[in-house]
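Trainee: Pasting the sequence and the predicted model now:
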Amino acid sequence: MAANPTYKELEHRVTALENEIKVLEKQLWQSQKMETLGTLVGGVAHDFNNLLTAIIGNAQLALMETDNDDPLRQTIEDIKIAGEKAAALTRQLLAFRQKQLIQPEILDLNEILTNVEKMLVRLIEENIELHTIYEPELPSVEIDPGHVEQIIINLAVNARDAMPQGGTLTIETSNVEFGPNELYDRSIVKQSGLYVMLSVSHTGIGKEINNSIGLSMSTVYGIVAQNGGFVQIHTEPEKGKTFKICLPAVKDESDLVEKEPGL
């Protein structure tokens, strides 16, 4: 049977525990400080990135309406280049955060598309017809609204670049339901249920160029997958291409509890 520890031994143990607690407290404080700093940096970078999207986009629009010999053209190009460099720095700030600060909201894709449609009219060429088709009974989805706007703009700009001779750009919202492990266009749907589909189609057969004001397709795939959805691409020779983005519908909004920012 082990002997009971002496007062001296207990005192040493208490001192050792106190020292360990102080070290852990210091580590916790440092961790909380870095987390707070990271959240601040991520939030500022996220908002700044949205501003840069508008700056670069408007510069691109100005270039489209400016002749090559216009003395202002070089100035506008400098603005666009500076905006793109700032966007690169923003991505570095987001990398410091380790992940983008995402603020998902319960939203209506029809409402987002209505707001973006006004911008798309200015982004596409005059020889491109824009058609929008809204599903009136569209359930809500949970996603960062800024991500949805960037995805739509990116796909629309790529479609514009694929139709140098003109054509039709159609953006449509609809409902689609999948069963468990249902095969959809060679992909297995992991989560069954009701989905909201955002379809972006164009009649172009030219080369699509990922414009700097949007997102790369790999980023689009990542955003959609991160929100429980998936992307499918349908190409018909000499007819055009369709991007279908499926996001899980919010099942019961009354059960959702609004989260505090950062939680």
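Mentor: Everything's here; your move.
Trainee: Any regions of the stretch 1-150 of the chain where pLDDT drops low?
Mentor: Along the stretch 1-150 of the chain, segments meeting pLDDT under 70 span 1-3, 26-43, 88-89, 91-102.
Trainee: which residues in it form helices?
Mentor: Ranges of helices in the stretch 1-150 of the chain, per DSSP state H, counting those that start in this stretch, are 7-64, 73-97, 109-123, 145-161.
Trainee: The closest residue in space to Thr132 that isn't next to it in sequence: neighbouring residues, count only.
Mentor: Nearest in space to Thr132, with sequence neighbours left out and distances taken as CB to CB, 6 or more residues apart in numbering, is Ile171 at 5.2 Å. Just so you know, the C-beta spots here come from the backbone N, C-alpha and C atoms, and that holds for glycine as well. The tally of other residues near Ile171 (other CB atoms under 10 Å) stands at 23.
Trainee: Secondary structure element for Ile171, which one?
Mentor: Element membership for Ile171 (DSSP states H and E) is strand 167-178.
Trainee: before we move on, what about Gln232?
Mentor: Using DSSP H and E, Gln232 falls in strand 230-236.
Trainee: List the strands paired with whatever helix or strand comes next after that strand, with their directions.
Mentor: Note on strand 230-236: by DSSP H and E, the next helix or strand toward the C-terminus is strand 240-248. Sheet pairing here is set by DSSP bridges, and for strand 240-248 it gives strand 193-202 (antiparallel), strand 230-236 (antiparallel).
Trainee: who touches the longest one?
Mentor: Spelled out, it's strand 193-202. Residues outside strand 193-202 that contact it (CB atoms under 8 Å, 6 or more residues apart in numbering) are 109, 113, 138-139, 141, 148, 151-152, 155-156, 159, 162-163, 167-178, 229, 240-249, 251.
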